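[1] starting from these lines, generate the structure:
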Amino acid sequence: MMVAGLMSGTSLDGIDVALVDIQEVADGGIQFALRHGYTQPYSAEVRAAILGVSDCQTHTGEVAKIHALLGLLYANAVGRALETGGIPPEQLQLIGCHGQTVFHQGSPVPFLGHPVACTLQLGEPSAMAERFGVPVVSDFRPRDIAAGGTGAPLVPYLDYLVFRDQQISRIALNIGGIANLTAIPAGASAKAVIAFDTGPGNMVMDSLIRRATDGRQTFDAEGAGAREGRPLVEFVEAELAKPYYAADPPKSTGREDYGDAFVQRLEATGAPLRDLLATATLLTARSIALGVRRFVAPRMHARELLVAGGGRHNAYLMELLARELPGVAIESTERFHLPVDFKEAIAFAILAHATWRGVAGNVPSATGARHPVVLGKVTR
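    Have a look, this model is predicted:
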């Protein structure tokens with residue numbers, strides 16, 4: 001079965017499409033291979049519109065229009081992926097679309113007299129179902145939340161499939177807008193997997209660059225700007241002293257914690273851009289390392305840290321991470337045939353296939369759910 005997996009993350013850089021061949025094998029498992037990967041960048045106008053409805057006061061009409069627009073953009077991105085990959089559209093059999101997160105509150109908070117946890121991903125799946133005539137699995141996170149989980153992270157399902165080993169303990173790290181890790185002890189069952197969001201990934205760095213250049217630049221290429229700066233170490237230490245970093249997993253975070261309000265607080269220090277970038281980069285590296293030392297190291301000795309996501313291209317961030325985690329071999333997921341820029345898109349192709357088969361796609365030890373559940377909603 002060929003499945004298109006779509007991911008548009010909190011970095012708001014665009015839409016990643018992974019066209020994945022998936023085959024069921026005799027033991028009930030699967031084998032898969034990436035046929036083609038394609039990225040459709042967001043325009044500055046679309047990015048601004050998404051930010052305008054993300055964790056802020058807005059109008060329901062704007063939310064509805066962006067929801068519809070994103071469905072069309074997702075459909076166009078799948079079409080371009082098929083075209084650039086030279087793959088006939090009739091070979092496509094299923095689509096898995098994560099959607100664009102505009103709000104995520106994975107842990108319950110009081111609301112109108114009730115404890116409420118919620119998440120909202122935009123992108124109308126009907127546009128894709130109509131365009132390609134195949135089922136679309138979307139809205140993966142709410143079912144896990146309904147089962148008592150935080151709705152994130154969901155990529156551990158793929159991490160466990162790919163990285164488990166009888167002798168080697170591994171950590172899979174994804175650095176997108178938010179950084180999250182999956183720790184897989186040697187010989188462990190899925191119940192022993194540890195996974196959580198460590199804190200900011202690229203989100204703060206990207207926002208600083210975007211705001212300083214009026215959108216002309218969207219990221220600090222290879223960390224060149226941060227490398228020239230001097231980090232505000234006291235700011236980083238104060239941030240890492242906050243309760244989130246000490247809270248036990250499972251836990252998840254997002255733009256609600258590291259969006260515009262956080263960036264404005266950093267900018268209010270009056271430091272030059274290069275120092276702000278250095279501060280944000282150090283915070284990402286140290287928060288990841290803190291998560292490893294505090295929650296992973298007491299349970300397993302990880303020999304390998306396998307990195308994916310846009311942060312893998314930030315050479316300075318990788319240097320800082322190596323400095324913070326001496327003795328751990330840091331490399332990309334490419335060794336396991338998972339391209340660093342398409343790992344999450346591949347994950348949602350795999351999760352969509354699991355949903356289509358009626359197989360649970362969450363890892364309760366990662367999300368905190370009471371039990372495994374089949375994720376997502378199917379639009380036919």
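[2] need the helices for the stretch 101-250 of the chain, in chain order.
    Ranges of helices within the stretch 101-250 of the chain are 125-132, 141-146, 156-163, 203-212, 224-227, 233-240, 243-246, based on DSSP state H, counting those that start in this stretch.
[3] out of these, which comes closest to Tyr258?
    Proximity to Tyr258 (Cβ to Cβ) singles out helix 203-212 among these, at 5.0 Å. Yep, even glycine has a C-beta here, placed from its N, CA and C like the rest.
[4] tell me which residues in that closest one are buried?
    For helix 203-212, the neighbour count (16 or more other Cβ atoms under 10 Å) marks 203-210, 212 as buried.
[5] surely Ile175 is in contact with Gly201?
    Yes - because the distance of 4.3 Å satisfies Cβ atoms under 8 Å, Ile175 is recorded as touching Gly201.
[6] okay if I get the buried residues of helix 203-212 as CSV plus distance to Ala4?
    Shown next, in CSV, are those (distance: Cβ to Cβ, whole Å):
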residue, distance to Ala4
Met203, 26
Val204, 31
Met205, 29
Asp206, 26
Ser207, 29
Leu208, 33
Ile209, 30
Arg210, 29
Ala212, 36
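[7] between these, which is closest to Phe235?
    Of all these, Val204 has the smallest distance to Phe235: 11.2 Å, by Cβ to Cβ.
[8] from Met1, how far out is the closest one?
    Val204 is 39 Å from Met1, where distance means Cβ to Cβ, to the nearest Å.
[9] could you do Gly201 as well?
    31 Å.
[10] please apply the same query to Leu375.
    Applying Cβ to Cβ to Leu375 and Met1 gives a distance of 18 Å.
[11] which one's more surrounded, these two?
    Leu375 (26 against 18; other Cβ atoms under 10 Å).
[12] I'd say that one and Ile350 touch.
    No - Leu375 is beyond contact range of Ile350, at 11.2 Å (criterion: Cβ under 8 Å).
[13] could you pull out the strands for the stretch 1-150 of the chain?
    2-8, 14-24, 30-41, 92-111, 114-122, 136-138 (DSSP state E, counting those that start in this stretch).
[14] could those strands be laid out in a markdown table, adding distance to Ala221?
    Below are the strands of the stretch 1-150 of the chain laid out as a markdown table (distance: least, Cβ to Cβ, whole Å):
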| stretch | distance to Ala221 |
| --- | --- |
| strand 2-8 | 21 |
| strand 14-24 | 16 |
| strand 30-41 | 15 |
| strand 92-111 | 24 |
| strand 114-122 | 29 |
| strand 136-138 | 33 |
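[15] out of those strands, nearest to Asp55?
    Closest to Asp55 of these is strand 92-111 (Cβ to Cβ; 5.6 Å).
[16] check which helices and strands the closest one sits against.
    On a contact count with 3 or more Cβ pairs under 8 Å, 6 or more residues apart in numbering; DSSP states H and E, strand 92-111 meets strand 2-8, helix 60-84, strand 114-122, helix 125-132, strand 136-138, helix 255-258, helix 343-357.
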